[in-house]
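Quick one: sequence and predicted model below, then my questions.
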Amino acid sequence: LYNIGILGFGTVGSGVVELILKNNGNIEKKGGLTLNIKKILVKDKVKKRPEYIKELITYKPEDIIYDPEIDLVVEVMGGEEPALTYIRQALKNKKHVVTANKEVISKHGRELLELALQNKVNLLFEASVAGGIPIIIPLKESLIANEFGNIMAILNGTTNFILTQMEENKVEFSQALEMAKKQGYAESDPSADILGLDAARKIAILASIAFNVRITPDKVYTEGINGISYTDINYAQELGFTIRLIAEAQRTKDGIFVLVAPVLLRKEHPLSAVKDVYNAVIVEGDAVGRLMFYGKGAGKMPTASAVVSDIIKALKTDEKNRLNCTCFRDERVLPIELFRSAYYFRIKAMDKPGVLSKISGIFGKNDINLYMVIQKNSINNIAEIVVITYETTFKNIQKAVDEINSLDDIAEVSNVIRVKEEV
Ligand code: HSE
């Protein structure tokens, strides 16, 4: 019998308790151990909670972190502090820790894994990336024989829900965001999701594990979906593309690119089929080839599935099998200016002779080859021009945007989005 203390009883915490109570009998048969929830830390003293947890509740973190009878601490509070401090203390007190906290792991993973090693305990965090999808343990164990050069993923359910709502219901971003809030997907402050920060934390964790290089979120070039309008989605659709917020990491001979940004993906691309709050991760191993993991990246029970599985694994894993930090390489993250991709531009320009030639002159001067140029409807003498380029560096793109925008009132770039032609 193992005693567990849980820090936090929000969506994930309550899911963890429900899942343990529901499946403990079979966990015992399959895993050979019995879990006993000893204490649950909550913050709010007045909130109504289920009867069956009443005697387990505590308001003092020390009751869990310093309880000698507790074998394992589950951290599902979220946020950087005080979660980080509690995890440190729990590890120092020789308790295994299971966490769903992508912010803490992406920023402090190295330190915490070292602390776990020193104290001879396990620190597992499967739920921190892509909720219910098993991806961290598969990368570290089932696929250990491979070298990985590429990860491409949808790691944020809220933004994927918003983009697919815009696509399917032909609505603007703000309306789709309202729908996400109504369905309980978007948090009251959805900025970490919308601005791409949540996905940046998750790709930092995945890239660190897949490439064996420590990558922190501040190294991830990050764009959100707040600048995407229905017009972009509509044009993308006409041209045979969807728009998805893609987290990507590439290992090249010079270093690593790691970024989160919206991408126009061919409708035939497997990530175009990922809709609503679903997540998906595509990894490419040198031996196994392309693999795709698909499932629910958020929500109470999918996240609880990852947490409870980690609890069992942490309690069953001895010193010899411990999963330590695997970031043994020291490779640099390359500046995004060097990143090569094709791009979609939406430009508003005066509908008069010579304007298009000025714009195409700017592309030419910056070594950008145009793949497709379409003039869309012209209203009040303002035409909308949609351009798709061949592959070029981000530096060239930035220079071209600045130069087009400084063309005295005759043209303005409304949006620039990456394009991925390959499926
Ligand atoms: N807010 C995240 C999402 C779930 O929308 O995917 C928690 O990581």
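Nice, thanks for sending it over. Residues are numbered from 1 along each chain as shown.

So the residue most central in space within the chain versus residue 76, what's the distance?
Taking CA atoms, centre = their mean, the centroid of the chain lies closest to residue 199, which sits 2.6 Å from it. From residue 199 across to residue 76, the span is 20 Å (CB to CB, to the nearest Å). C-betas here are computed from N, CA, C, even on glycine.

what's the spacing between stretch 83-99 and its chain's center?
24 Å (CA atoms, centre = their mean, to the nearest Å).

So which residues of the stretch 1-150 of the chain form helices?
Listed in chain order, the helices of the stretch 1-150 of the chain (DSSP state H, counting those that start in this stretch) span 11-31, 62-65, 83-92, 102-118, 136-137.

Which of the ones you listed sits closest to the ligand?
The ligand lies closest, by CB to the nearest ligand atom, to one member of the helices of the stretch 1-150 of the chain: helix 102-118, at 6.3 Å.

contacts for that closest one?
For helix 102-118, contacts defined as CB atoms under 8 Å, 6 or more residues apart in numbering pick out 75, 78-80, 83-84, 87-88, 91-92, 97, 99, 122-123, 125, 128-129, 198, 200-202, 204-205, 208, 214, 216-217, 322, 324-325, 327.

just checking, which of those belong to strands?
Residues of the contacts of helix 102-118 located in strands (DSSP state E): 75, 97, 99, 123.

quick one: the last one and residue 91 touch, right?
If I follow you right, that is residue 123. Yes - if you go by CB atoms under 8 Å, residue 123 and residue 91 touch, sitting 6.7 Å apart.

Quickly list what's touching both of the two.
The overlap between the contact sets of residue 123 and residue 91 (CB under 8 Å, 6+ apart) consists of 97, 112, 115-116.

What is the nearest of the residues you listed to residue 346?
When these are ranked by distance to residue 346 (CB to CB), residue 112 comes first, at 43.7 Å.

Give me the pLDDT value at the closest one.
Each residue has a pLDDT score; the one for residue 112 is 98.

gap between it and residue 141?
Residue 112 is 19 Å from residue 141, by CB to CB.

hang on, the earlier thing: which among the contacts of helix 102-118 are in contact with the ligand?
residue 198 (CB under 6 Å from any ligand atom).

Write the PyMOL selection for whichever of the contacts of helix 102-118 are buried.
Selecting the buried subset of these in PyMOL, with 16 or more other CB atoms under 10 Å as the burial test, is done by:
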select buried, resi 75+78+83+84+87+88+91+97+99+122+123+125+128+129+198+200+201+202+204+205+208+214+216+217+325+327
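
and residue 407, how far is that from residue 413?
Note on residue 407: its distance to residue 413, by CB to CB, is 10 Å.

can you check residue 310 too?
Plainly put, residue 310 is 46 Å away from residue 413 if you go by CB to CB.

These two - which one has more neighbours?
When residue 310 is set against residue 413 and neighbours are counted by other CB atoms under 10 Å, the residue ahead is residue 310, at 27 against 20.

Report the contact partners of that one.
98, 124-127.

Swap in 10 Å and give it another go.
Listed by CB atoms under 10 Å, 6 or more residues apart in numbering, the contact set of residue 310 reads 72, 74, 96-100, 122-128, 134, 136-137.

how about it, secondary structure?
Counting by DSSP: H, G, I helix; E, B strand; the rest coil, the backbone at residue 310 sits in helix.
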